[in-house]
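In: next come a sequence and a model predicted from it.
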2 protein chains.
Amino acid sequence: MKIKRTLHTEQTEFQKLEVVETEEFGNMLFLDGMVMTSQKDEFVYHEMMAHVPLFTHPKPEYVLVVGGGDGGVIREVLKHPSVKKVTLAEIDGKVIEYSKKYLPEIAGKLDDPRVEVKVGDGFMHIAQSENQYDCIMVDSTEPVGPAVNLFTKGFYAGISKALKEDGVFVAQTDNPWFKADLIKNVYHDVKEIFPITRLYTANIPTYPSGLWTFTIGSKKYDPIEVSDDRFFDLDSKYYTKEIHKAAFALPKFVSEIIK
Amino acid sequence: MKIKRTLHTEQTEFQKLEVVETEEFGNMLFLDGMVMTSQKDEFVYHEMMAHVPLFTHPKPEYVLVVGGGDGGVIREVLKHPSVKKVTLAEIDGKVIEYSKKYLPEIAGKLDDPRVEVKVGDGFMHIAQSENQYDCIMVDSTEPVGPAVNLFTKGFYAGISKALKEDGVFVAQTDNPWFKADLIKNVYHDVKEIFPITRLYTANIPTYPSGLWTFTIGSKKYDPIEVSDDRFFDLDSKYYTKEIHKAAFALPKFVSEIIK
């Protein structure tokens, strides 16, 4: 992609943060050199991370987003009328600050009264939570820098404890073309802790390979068995109930990764 | 992608042909600067172009591939035991020659006795054919250079004539992120000629945006209504019967392109 200009760059307490303006994808946020989000295609990641677990749960009221300081997942979560409160646990306040400044259509809902923003360590927040959330979304970077702890079995065990008895969680788990080992490891770790474990995909042009995976751990509800009447119309650009189901049909080489 | 070295480059009678060796994707073929295929991800395009129409037709015997001189679609077509003969109409003999040399695992099946290779204009070949084929695959470049004629209503009318009364055809129709107009135009042109018109997608990392579309025109059989017992096990890396069905579930912004 062609970069027109750099809008902001700084080494925060946790990572290198850059916001650039690009020709094809509008403004883009990078952390430690990895694409986090772009104005053009952000809706795919945010919709697919939020709506798949939220429609899996019959009545999500309390939701936690770990990471996700750009606010995109929060924006989607708030489209579910059952949600009473959504907590953001973002370690790096600068991500929130510069997302509000340069990606306002993504971060704008962080000021909604149903949102509680906690700037702090998501791992610690999870460790201190018990039987509290219906859904937890882990919207992290790759397992480097501040996100290393978010790809451990201990973290998934903490998530299980932080969820209510019928809770659902989802994590972004990178791409199957170049990160098969990561997907495999997370899948098997999650499977040891959650009775229902599923992998699904979405097309995200600005992410490596364009094919992204998400791993769901669920205590009770199976995301591939959501009955048709449970879906309601939603203001979306990617997600539909058909896409919800189709996203779990894996290319053969992807299903072989998690065999 | 990082290019390790250029293996071949020449201006053929029709286009600029380049074969390069890359770090992440192995050997890659470019025509007029556009990625045609790579050793690492070629299976997605070739499987999805061949198997979706071939499983849509209950007994494909005579198959035509327009373009596709790299031989990848042909390789997949030959996996269907009902196929008696597959004809390749490739305008540029150099594509065949250098694919055999540098992409042997893709082009290797061009020497199969069931394959007839015709080096010549696919548009003319179609114009001279009548009631001859069960399936036609249009494996072309973008509508620039030699492929311009392959994106016209006259061409689709010719395909309809070249197909038998229950024939199926498929064409690659680029990506919905940057080529929405192309998809829309082809879809509506095909819909004027074929009673059943469908769009489906596949993830192809080396193609722009990573999300590729294919447009099917069918005289009798609906690709989304293939009964489960019609699928048989196939040596594939991407295609499965679940993927066949899921590929027709379009992201909302894609379904809006063809509304």
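Out: That came through, no problem.
In: chain A: helices as residue ranges?
Out: Counting by DSSP state H, chain A has helices at residues A:42-56, A:72-77, A:93-102, A:104-107, A:122-127, A:153-162, A:180-193, A:241-246, A:252-257.
In: enumerate the residues of chain A near chain B.
Out: A:24, A:40-41, A:44, A:177-178, A:201, A:203-205, A:209-211, A:236-240, A:242-243, A:245-247, A:249-253, A:255 (C-beta under 8 Å from any C-beta of the partner chain). C-betas here are computed from N, CA, C, even on glycine.
In: among the residues you listed, name the buried ones.
Out: Using 16 or more other C-beta atoms under 10 Å in any protein chain shown as the burial test, the residues of chain A next to chain B include A:24, A:40-41, A:44, A:177, A:201, A:203-205, A:209-211, A:236-240, A:242-243, A:245-247, A:249-252 as buried.
In: which ones among those residues map onto strands?
Out: A:201, A:203, A:211 (DSSP state E).
In: between the residues you listed, which is nearest B:Val144?
Out: B:Val144 lies nearest to A:Asn203 out of those, by C-beta to C-beta, at 24.5 Å.
In: would you list the ones in strands among the buried ones among the residues of chain A next to chain B in a markdown table and tack on pLDDT?
Out: Output for those, formatted as a markdown table (pLDDT from 0 to 100):
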| residue | pLDDT |
| --- | --- |
| A:Thr201 | 98 |
| A:Asn203 | 98 |
| A:Leu211 | 98 |
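In: redo the residues you listed as TSV? Include distance to A:Gln132.
Out: Conversion of those to TSV gives the following (distance: C-beta to C-beta, whole Å):
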residue	distance to A:Gln132
A:Thr201	29
A:Asn203	33
A:Leu211	33
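In: from those residues, which is closest to B:Lys101?
Out: Using C-beta to C-beta, A:Leu211 comes nearest to B:Lys101 of those, at 30.1 Å.
In: what residues are up against the closest one?
Out: Shown in contact with A:Leu211 (C-beta atoms under 8 Å, 6 or more residues apart in numbering or on different chains): A:175-177, A:201-204, B:203, B:205, B:210.
In: give the bridge partners for it, please.
Out: For A:Leu211, the beta-bridge partners are A:Asn203 (DSSP bridges).
In: for A:Val20, see how far away it is.
Out: Separation of A:Leu211 from A:Val20 (C-beta to C-beta, to the nearest Å): 24 Å.
In: what about A:Thr6, how many neighbours?
Out: Neighbourhood size, A:Thr6 [other C-beta atoms under 10 Å in any protein chain shown]: 10.
In: equivalent analysis for A:Pro104, please.
Out: A:Pro104 - counted by other C-beta under 10 Å - has 12 other residues nearby.
In: and for A:Asp233?
Out: A:Asp233 has 7 neighbours, counted by other C-beta under 10 Å.
In: closest to A:Leu110 out of the ones in strands among the buried ones among the residues of chain A next to chain B?
Out: Closest approach between these and A:Leu110, by C-beta to C-beta: A:Asn203, at 26.3 Å.
In: doesn't B:Tyr207 make contact with the closest one?
Out: No. Counting by C-beta atoms under 8 Å, B:Tyr207 is not a contact partner of A:Asn203; they are 11.2 Å apart.
In: for the closest residue to chain B within chain A, which residues are in contact?
Out: Proximity of chain A to chain B (C-beta to the nearest C-beta) peaks at A:Gly210, 1.8 Å away. By C-beta under 8 Å, 6+ apart, the residues touching A:Gly210 are A:175, A:203-204, B:203-205, B:209-211.
In: at 7 Å what do you get?
Out: Counting by C-beta atoms under 7 Å, 6 or more residues apart in numbering or on different chains, A:Gly210 touches A:203-204, B:203, B:205, B:209-211.
In: using a markdown table, lay out the residues you listed together with distance to A:Val226.
Out: Shown next, in a markdown table, are these (distance: C-beta to C-beta, whole Å):
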| residue | distance to A:Val226 |
| --- | --- |
| A:Asn203 | 21 |
| A:Ile204 | 23 |
| B:Asn203 | 23 |
| B:Pro205 | 30 |
| B:Ser209 | 28 |
| B:Gly210 | 27 |
| B:Leu211 | 24 |
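In: out of the residues you listed, what pair is the most spread apart?
Out: A:Ile204 and B:Pro205 (11.6 Å).
In: pLDDT at the residue most central in space within chain A, what is it?
Out: Taking C-alpha atoms, centre = their mean as the criterion, A:Asp139 is the residue nearest the geometric centre of chain A, at 3.4 Å. Predicted confidence (pLDDT) for A:Asp139: 96.
In: ok, A:Met28 next?
Out: 97.
In: run through the residues that contact it.
Out: Contact partners of A:Met28, counting by C-beta under 7 Å, 6+ apart, are A:20, A:22, A:35, A:37-38.
In: just the ones in strands from those, please.
Out: If you go by DSSP E, those have A:20, A:22, A:35, A:37-38 in strands.
In: for A:Ser227, give its distance to A:Glu18.
Out: Separation of A:Ser227 from A:Glu18 (C-beta to C-beta) stands at 44 Å.
In: those two: which has the busier surroundings?
Out: A:Glu18 (19 against 7).
In: surely that one is in contact with A:Phe30?
Out: Yes. The pair A:Glu18 / A:Phe30 is scored as a contact, 4.3 Å apart, by C-beta atoms under 7 Å.
In: not counting sequence-adjacent ones, nearest residue to the residue nearest to the centre of chain A?
Out: Once flanking residues are discounted, A:Asp139 sits nearest to A:Gly68: 3.3 Å by C-beta to C-beta, 6 or more residues apart in numbering or on different chains.
In: so what's the residue count around that neighbour?
Out: Number of residues near A:Gly68 (other C-beta under 10 Å) recorded here: 30.
In: now do the contacts for A:Ile106.
Out: Counting by C-beta under 7 Å, 6+ apart, A:Ile106 has contacts A:37, A:42, A:70-72, A:75, A:99.
In: ugh, wrong one, A:Glu76
Out: Counted by C-beta under 7 Å, 6+ apart, A:Glu76 has contacts A:46-47, A:50-51.
In: so what's A:Glu142 up against?
Out: Per C-beta under 7 Å, 6+ apart, neighbours of A:Glu142: A:34, A:174.
In: go on, A:Ile159?
Out: A:126, A:136, A:169.
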